[in-house]
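Enquirer: sequence unknown, structure follows:
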């Protein structure tokens, strides 16, 4: 059987697509514990690509902006139900187009931002500890 060219291995873990690996490396570089594909969507497809259990935050990584607004409502529901924020991103860290979705009371709000800003905010809040 021939594996798709897009698959990649990092730290002994097989990723379904190579565009996930730069994010795993970025989490490692920032000292953030992560889990790959921790939750499966009801229809049998993956909704969450990474879980940052110590933050806690969901990360959804796409290779294209095509589904960005189409799939965002599913992520809004996940944020609403779990109370955890979600970071949806397209592109590698530092070059990404990203949206942070957070719960504010009963509402879900979104804002466009970069991963570096989110990490800075987490460190400032004491949520992300540095050595």
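Expert: That came through fine. Note that the structure is predicted; figures quoted are calculated from it, not measured. Numbers count the residues shown, from 1 in each chain.
Enquirer: which helix of the protein spans the most residues?
Expert: Ranked by residue count, the top helix of the chain under DSSP state H comes out as helix 68-82.
Enquirer: The helix or strand bottoming out on mean pLDDT in the chain packs against which elements?
Expert: Least confident helix or strand of the chain, by mean pLDDT, DSSP states H and E, is helix 68-82 with a mean of 78. Contacting helix 68-82 under the criterion 3 or more C-beta pairs under 8 Å, 6 or more residues apart in numbering; DSSP states H and E are the following elements: strand 46-52, strand 57-62, strand 86-90, strand 97-104, strand 107-112. Using the backbone N, CA and C atoms, a C-beta is placed for each residue, glycine as well.
Enquirer: what's the angle between it and strand 57-62?
Expert: 160 degrees (axes from the mean of the first three to the mean of the last three C-alpha atoms, to 10 degrees).
Enquirer: closest one to residue 120 among the helices and strands packed on helix 68-82?
Expert: Nearest of these to residue 120, taken as C-beta to C-beta: strand 97-104 at 12.4 Å.
Enquirer: Tell me how far the host helix or strand of residue 21 lies from the chain's centre.
Expert: Residue 21 is part of helix 21-29, with elements assigned from DSSP states H and E. Centroid separation between helix 21-29 and its chain, computed with C-alpha atoms, centre = their mean, to the nearest Å, is 11 Å.
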